[in-house]
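Q: after the sequence you'll find the predicted model.
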Amino acid sequence: MRILSIHNNYQIRGGEDESTQAEANLLKANGNQVDIYQDSNERVASLNRVHLASTTIWSTEAYKIVKQKLRTHPTDIVHVQNFFPLISPSVYYAAKSEGVPVVQTLRNYRLICPNGLFFRDDRICEDCLGKFVPYPGVIHACYRENRAASAITATMLTLHRMARTWVNQVDIFITLSQFARQKFIEAGWSEDRIIVKPNFVYPDPGVGSGEGGYALFVGRLSVEKGLDVLIDAWQNLRQPVPLKIVGDGPLVPRVQAAAEKLPHIQWLGRRPLPEVYKLMGEAMVLIFPSKWYETFGRVAVEAFAKGTPVIASNLGAIAELVEHGRTGLQFKPSDPISLAEQVESLISHPEKLPQMRREARAEFEAKYTAQQNYEQLKSIYQLVLSKP
């Protein structure tokens, strides 16, 4: 099978970029041909505002590139991972003009929320959910805290809703969790065109020792990821627990300040994936304090692969992944006291950790291995190709 994978990379590489690359590698490893068309947000700064606005709504360049690729190399499936903001929905039309079916993975909520997060002003926000014109996102400058940029995003969504792009130009949508699927259904999308296929870890990083004696956070250092909750929780711990923080982002100054104030907090900055896996495997527990509706929680599954349990907020898709008392613990979202209580509960009952580690690894083996995921993806492609 030949697949054209399309993805707009982020400036700071994150879970979406990692998952997209892993999926392409998995397809290749199973004998498929994968062509890749990608662009990067690093190019945004070089574009003037008018050009960027028009490109976000309809990229003539991307349309021509995809059309040429499909004419040069006969392709079975076009799989769009992320088109925003430089590739645009024009690639759907290019694929359809060449008679190639389209699959779109919904890795965030962009198509029903201008900022893609359902999160603003430090809280969950669903003001645009179900609205044909997502004007609240413009009023509140939800995308990049910029009203003009938010207006461009809202215009893109509105025009393509008017053109019924999501209805007529995409054959199947993939969400990463039941929670995310339900949000799109609440927004009015047809449930029979949305299939759940989670992320996976490939290659298998192997089980770690869990003997490092520290807790670990891995991810973007931003408000929606709950860094403030994490730091406040560590300040409220009655018994200090070493905490290692891996990542980069806008809250670096706050993390640095916390590390200077509290000697048991260490900020490691960005680290290459092999080193992150080593840290995960040696960690006592991974902390996942997100305050937004995560569409999945790739870091949690990576921790499971290493046999490391997860303490996560009881919110969004991450609540599906972590079973309280078995593969980890859950705490009240945005509540540092609740998080501190769960950390203290775990360290005060060390006899529970070995069983949790076994259960975390078993959860990975049951649901998130590469081969299982490949079979699911292959079934989705076959379903699309079988449509008249």
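A: Yes, it's here.
Q: can you tell me the distance between the two ends of stretch 281-296?
A: Using Cα to Cα, to the nearest Å, one end of stretch 281-296 lies 21 Å from the other.
Q: centre of the chain versus it, how much separation?
A: Relative to the mean C-alpha coordinate of its chain, stretch 281-296 is positioned 12 Å out (Cα atoms, centre = their mean, to the nearest Å).
Q: can you map out the strands along this protein?
A: 2-9, 33-40, 77-82, 102-106, 119-120, 123-124, 172-175, 194-196, 215-218, 243-246, 265-269, 285-288, 310-313, 328-331 (DSSP state E).
Q: nearest to G137 among those strands would be which one?
A: G137 sits nearest to strand 119-120 of all those, at 8.5 Å, using Cβ to Cβ. (Each C-beta comes from the backbone N, C-alpha and C, glycine too.)
Q: now that closest one: how far from the chain's centre is it?
A: Centre to centre, stretch against its chain (Cα atoms, centre = their mean), the figure for strand 119-120 is 16 Å.
Q: going forward, the N-terminal residue is numbered 3.
A: Shifting the count to begin at 3 puts that one at strand 121-122.
Q: who does that strand pair up with?
A: Under the criterion DSSP bridges, strand 121-122 sits next to strand 125-126 (antiparallel) in its sheet.
Q: got a list of contacts for the strand it pairs with?
A: Applying Cβ atoms under 8 Å, 6 or more residues apart in numbering, the contact partners of strand 125-126 are F120, K293, W294, Y295.
Q: quick check: closest non-adjacent residue to the first one.
A: Read it as F120. Ranked by Cβ to Cβ, 6 or more residues apart in numbering and with sequence neighbours excluded, the top spatial neighbour of F120 is Y295, at 5.0 Å.
Q: the one you found: neighbour count?
A: 23 (other Cβ atoms under 10 Å).
Q: right, and it touches K185 too?
A: Yes - here Y295 reaches K185: they are 6.9 Å apart, a contact under Cβ atoms under 8 Å.
Q: list the residues that contact both of the two?
A: Taking Cβ under 8 Å, 6+ apart as the criterion, Y295 and K185 both touch Y111, F120.
Q: run through the residues that contact I114.
A: Contacts of I114 by Cβ under 8 Å, 6+ apart are C130, L131, G132, P136, K185, F186, A189, W191.
Q: need the contact list for the first one.
A: For C130, the residues meeting the contact criterion (Cβ under 8 Å, 6+ apart) are I114, C115, P116, P136, Y137, P138, G139, C144.
Q: contacts only, for the third one.
A: This points to P116. C130, P136, G139, V140, C144, Y145, S152, T155, A156, L159 are the contacts of P116 under Cβ under 8 Å, 6+ apart.
Q: same thing but at 10 Å, please
A: Applying Cβ atoms under 10 Å, 6 or more residues apart in numbering to P116 gives the contacts 122, 129-130, 136-140, 142-146, 151-159.
Q: check the last one too.
A: The neighbours of C144, taking Cβ under 10 Å, 6+ apart as the test, are 115-123, 127, 129-130, 136, 138, 151-152, 155-156.
Q: double-check L229 against A261; I have them as touching.
A: No - look at L229 against A261 with Cβ atoms under 10 Å: they stay out of range, at 11.9 Å.
Q: touching both of the two, which residues are there?
A: Common contacts of L229 and A261, defined by Cβ under 10 Å, 6+ apart, comprise I247.
Q: who has more neighbours out of the two?
A: For L229 versus A261, neighbours defined as other Cβ under 10 Å are more numerous around L229 (26 against 17).
Q: do a quick rundown of the helices in the stretch 253-390 of the chain.
A: Applying DSSP state H, counting those that start in this stretch to the stretch 253-390 of the chain gives helices spanning 254-263, 275-284, 300-307, 320-323, 338-349, 355-369, 372-387.
Q: got the contact list for the last one?
A: Residues from elsewhere that reach helix 372-387 (Cβ under 10 Å, 6+ apart): 3, 5, 24-25, 27-29, 31-32, 34, 78-79, 81, 103-105, 107, 172-174, 176, 197-206, 367-369, 371.
Q: what mean pLDDT does that helix have?
A: Taken as a whole, helix 372-387 carries a mean pLDDT of 97.
Q: in stretch 109-120, which residues are buried?
A: Neighbour counts over stretch 109-120 (16 or more other Cβ atoms under 10 Å) mark R109, N110, Y111, R112, L113, I114, C115, P116, N117, G118, L119, F120 as buried.
Q: same deal with stretch 242-257?
A: V243, P244, L245, K246, I247, V248, G249, D250, G251, L253, V254, V257.
Q: now swap in stretch 136-152 and tell me
A: Across stretch 136-152, burial judged by 16+ other Cβ under 10 Å covers P136, Y137, P138, G139, V140, H142, A143, C144, Y145, A151, S152.
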